[in-house]
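> give me coordinates for this.
(chains A and B)
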There are 2 protein chains.
Amino acid sequence: MLELPEEVTIKEVGPRDGLQNESREVPTEDKISWINQLSEAGYSYIEFSSFVHPKWIPQLKDAKQVASSIERKPGITYAALVPNMKGLEAALETDVDEVSVFMSASESHNKKNINKSIEETYPVLREVVQEAKGAGKTVRGYLSTVFGCPYEGNIPIEQVIDVSKHMLDMGIDELSLGDTIGVANPKQVDKSLHEIQKQLPFKDIAMHFHNTRGMALANVLVSLNHGITTFDSSLGGLGGCPYAKGASGNLATEDLVHMLHQMEVSTGIDEQKLRQAASFIQDTLNKPLASHVMQIERSR
Amino acid sequence: MLELPEEVTIKEVGPRDGLQNESREVPTEDKISWINQLSEAGYSYIEFSSFVHPKWIPQLKDAKQVASSIERKPGITYAALVPNMKGLEAALETDVDEVSVFMSASESHNKKNINKSIEETYPVLREVVQEAKGAGKTVRGYLSTVFGCPYEGNIPIEQVIDVSKHMLDMGIDELSLGDTIGVANPKQVDKSLHEIQKQLPFKDIAMHFHNTRGMALANVLVSLNHGITTFDSSLGGLGGCPYAKGASGNLATEDLVHMLHQMEVSTGIDEQKLRQAASFIQDTLNKPLASHVMQIERSR
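Numbering: from 1, shown residues only, chains lettered A, B, ... in the order given. As a prediction, the model looks like this:
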């Protein structure tokens, strides 16, 4: 029989991971309005933007304005991604609650993405983490290509665990393990978590699945059964580098929340308000969202 | 840890359950060509049509011609749905290997679909089953609304088991339990199979999931973990009353096969040939198939 937790924490990454992958730039005022709607929907965590050079991600060039304009609701952690010290400094000029850093479990993906080897990345991240912690912020780490790399294929779980340990040892408070290209299958997640459980503190681990091949909810289920209680997702399934128009990238928050609530696992999130917030961004982006919940919603 | 079987049998229902829900009628020669492609892809079971009055399902009015024109490959069971004695008689004029009958676990859905109460349906099905068995055919039973009914909501598992027992007692060889409206969640499937396992012979049970809310593969996973090894699916996710254009109805065979193969569960099916057959029907229907595999395929 399945073992399920009573409660799960969902970390919304749509305003950052979602919008950074959208070709259409969302006007700042619409972003602010959308994030305020998310705050009202019952989340405890929203990653609202990324302090990255606009040359790389022009869609998020208004991070500072967003940070200063959104309504902060008590009980919600408002987080932003920072790629380096420069990003951190910009983030610290705003009253961000948490910052997140990232690297890859795959040598070639890390090189392609950050232009450094894994070993070279550690000291850079360590400095950012120390500075952020010194400023009283908590830090989240994203580890990508945990279940497969576009260049190297499968990444040995020992390598994933080794990089994870390095990241947690820096003082990172929570580590999000990402299936960046959406290839993880439930058996692989099962075996990986079995190993991870032996070597890493499970309370500091979150899972970040993509639904590219339709297996995200099955992978969540396996993770829940292992005792994982924190999951990243993106409203509408935005972002996560979808292959094709209408195809799935990130796991859609509304599909995840729906499954959890149907299984009597609470999230604190109001499904109706979630659908309203999804409809808002759907209208703003002027494209049908790929989530199942929104497909049903559009047919009503 | 997950327990998975080494091998799974996939029963393809696309040519019947898929095409009967398509507004566009597929020309008979294209159906025949498509079914022949399916035969080459490695299935052991194909439900090729339904012997039902064309007034109800005009899309399948060519069942007889299809039956006599497809190439029969050794080792494949070619089955057809029969709603009543008249349908059975028509089916028996062809060399169908197996016939399937259907009813609902929900009183109101059964009434709406068959215009009879559950009690009134039993003798009608029993006659069809006896006649079919007398003619040397095996018989499959579809039980619908097992995990929820559009009129009654949740159906008590004891009622599902009671109707199932009646169907198996008639001599039905295999019973396919259907999540007709795509509402089953993994916890519900887990609890239901736990009860079913106590009272019904598992070897005679197949599961038939719809992906309406994205939970089909998670439900398959739970079923596999319980020891179920037979699943229905429809190539491209065709049929199963999808709510909206592009929305998911039936679980797509190619997504199911992909997950199973990734988990090292064998199906005997060739994924490349499957994609080719899916592309063929996609072109014939002139609409993008909703499966994840085909979304990726279209973006290549």
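> contacts, neighbours, all on C-alpha from now
OK.
> and the average pLDDT for the helix or strand containing residue A:35 is what?
Using DSSP states H and E, the element containing residue A:35 is helix A:28-41. For helix A:28-41, mean pLDDT rounds to 98.
> so is stretch A:293-300 next to chain B?
Yes: with C-alpha under 8 Å from any C-alpha of the partner chain as the criterion, chain B is reached by stretch A:293-300 at A:293, A:295, A:296, A:298, A:299.
> and that stretch, which residues are buried?
Neighbour-count burial for stretch A:293-300, with 16 or more other C-alpha atoms under 10 Å in any protein chain shown as criterion, is recorded at A:293, A:294, A:295, A:296.
> would you say the last one is within a helix?
Yes: counting by DSSP: H, G, I helix; E, B strand; the rest coil, residue A:296 falls inside a helix.
> contacts for the stretch of helix or strand residue A:221 belongs to?
Using DSSP H and E, residue A:221 maps to helix A:216-226. Residues outside helix A:216-226 that contact it (C-alpha atoms under 8 Å, 6 or more residues apart in numbering or on different chains) are A:2-5, A:182, A:184-186, A:189-190, A:193-194, A:207, A:209-211, A:231, A:251, A:256, B:186, B:214-215, B:217-219, B:221.
> show me what the helix or strand following that helix is packed against.
Note on helix A:216-226: by DSSP H and E, the next helix or strand toward the C-terminus is strand A:230-233. Counting contacts by 3 or more C-alpha pairs under 8 Å, 6 or more residues apart in numbering or on different chains; DSSP states H and E, strand A:230-233 packs against strand A:9-12, strand A:205-208.
> these: which one's closest to chain B?
Smallest distance to chain B across the helices and strands packed on strand A:230-233 (C-alpha to the nearest C-alpha): 16.3 Å, for strand A:205-208.
> which stretches in chain A count as helices?
For chain A, the helices defined by DSSP state H cover A:28-41, A:63-69, A:85-92, A:107-114, A:118-134, A:157-169, A:186-199, A:216-226, A:253-262, A:271-285, A:292-299.
> just give me the neighbour total for whichever residue of the stretch 151-300 of chain A sits closest to chain B.
Scanning the stretch 151-300 of chain A for the residue nearest chain B gives residue A:218, at 4.0 Å (criterion: C-alpha to the nearest C-alpha). Using other C-alpha atoms under 10 Å in any protein chain shown, residue A:218 has 27 neighbouring residues.
> how about residue A:58?
Neighbour count of residue A:58, defined by other C-alpha under 10 Å: 13.
> near chain B, which residues of the stretch 101-250 of chain A?
Taking C-alpha under 8 Å from any C-alpha as the contact definition, the stretch 101-250 of chain A meets chain B at A:185-188, A:190-191, A:194, A:212-215, A:217-219, A:221, A:243-244, A:246-248.
> hmm, which of the residues you listed are the buried ones?
Counted by 16+ other C-alpha under 10 Å, those give A:185-188, A:190, A:212-215, A:217-219, A:221, A:243, A:246-248 as buried.
> buried ones in stretch A:42-54, by neighbour count?
Residues A:42, A:43, A:44, A:45, A:46, A:47, A:48, A:49, A:50, A:51, A:52 are the ones in stretch A:42-54 that count as buried (16+ other C-alpha under 10 Å).
> you'd agree the first one is up against residue A:266?
In other words, residue A:42. No: using C-alpha atoms under 8 Å, residue A:42 is not in contact with residue A:266; the gap is 11.3 Å.
> and the contacts of stretch A:85-93?
For stretch A:85-93, the external contacting residues (C-alpha under 8 Å, 6+ apart) are A:51, A:52, A:53, A:64, A:80, A:82, A:99, A:127, A:128, A:132, A:135.
> same thing but at 10 Å, please
A:49-53, A:63-64, A:67-68, A:79-82, A:97-101, A:124-125, A:127-129, A:131-132, A:135, A:137 (C-alpha atoms under 10 Å, 6 or more residues apart in numbering or on different chains).
> can you flag the buried ones in the residues you listed?
A:49-52, A:63-64, A:67, A:79-82, A:97-101, A:125, A:128-129, A:131-132, A:137.
> now the helices and strands packed on strand A:230-233 in TSV, with mean neighbour count and mean pLDDT?
Shown next, in TSV, are the helices and strands packed on strand A:230-233 (neighbours: other C-alpha atoms under 10 Å in any protein chain shown; pLDDT from 0 to 100):
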stretch	mean neighbour count	mean pLDDT
strand A:9-12	22	98
strand A:205-208	24	98
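> low-confidence regions, the stretch 151-300 of chain A specifically.
By pLDDT under 70, the weakly predicted segments of the stretch 151-300 of chain A are A:241-247.
> which one of the buried residues of stretch A:42-54 is nearest residue A:198?
Proximity of the buried residues of stretch A:42-54 to residue A:198 (C-alpha to C-alpha) peaks at residue A:45, which lies at 27.5 Å.
> right, and the closest one touches residue A:96 too?
No: applying C-alpha atoms under 10 Å, one finds residue A:45 not in contact with residue A:96, separated by 11.8 Å.
> what do the two both touch?
By C-alpha under 10 Å, 6+ apart, the residues touching both residue A:45 and residue A:96 are A:77, A:78, A:79.
> for residue A:259, give me its contacts.
Residue A:259 makes contact with A:217, A:220-221, A:253, A:265, B:183-187, B:213-215, B:218 under the criterion C-alpha under 10 Å, 6+ apart.
> run the last query once more with 8 Å
Taking C-alpha under 8 Å, 6+ apart, we find residue A:259 in contact with B:185, B:215.
> returning to that earlier point: tabulate the buried residues of stretch A:293-300 in CSV, adding columns for distance to residue B:237.
Output for the buried residues of stretch A:293-300, formatted as CSV (distance: C-alpha to C-alpha, whole Å):
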residue, distance to residue B:237
A:293, 17
A:294, 18
A:295, 15
A:296, 16
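> looking at those residues, which one is closest to residue B:29?
Nearest to residue B:29 among those, counting by C-alpha to C-alpha, is residue A:295 at 32.9 Å.
> if I look at the closest residue to residue A:15 other than its chain neighbours, how far off is residue B:115?
Among residues not flanking residue A:15 along the chain, residue A:48 sits closest, at 5.1 Å (C-alpha to C-alpha, 6 or more residues apart in numbering or on different chains). Using C-alpha to C-alpha, to the nearest Å, residue A:48 is found at 54 Å from residue B:115.
> over to residue A:2?
In terms of C-alpha to C-alpha, residue A:2 sits 38 Å off from residue B:115.
> same question for residue A:126.
70 Å.
> over to residue A:114?
Using C-alpha to C-alpha, residue A:114 is found at 65 Å from residue B:115.
> among these two, which residue is more densely surrounded?
The neighbour comparison of residue A:114 against residue B:115 (other C-alpha under 10 Å) goes to residue A:114, with 16 against 12.
> what does stretch A:264-282 contact?
So stretch A:264-282 is contacted by A:4-10, A:34, A:37-38, A:40-43, A:235-236, A:254, A:257-258, A:260-261, A:288-289, A:293-294 (C-alpha under 8 Å, 6+ apart).
> stretch A:8-21 now?
Stretch A:8-21 is contacted from outside by A:25-26, A:31, A:35, A:43-50, A:57, A:59-60, A:80-81, A:229-235, A:237-241, A:250, A:253, A:265-267, using C-alpha under 8 Å, 6+ apart.
> buried subset of the residues you listed?
A:25-26, A:31, A:35, A:43-50, A:59-60, A:80-81, A:229-235, A:237-241, A:250, A:253, A:265, A:267.
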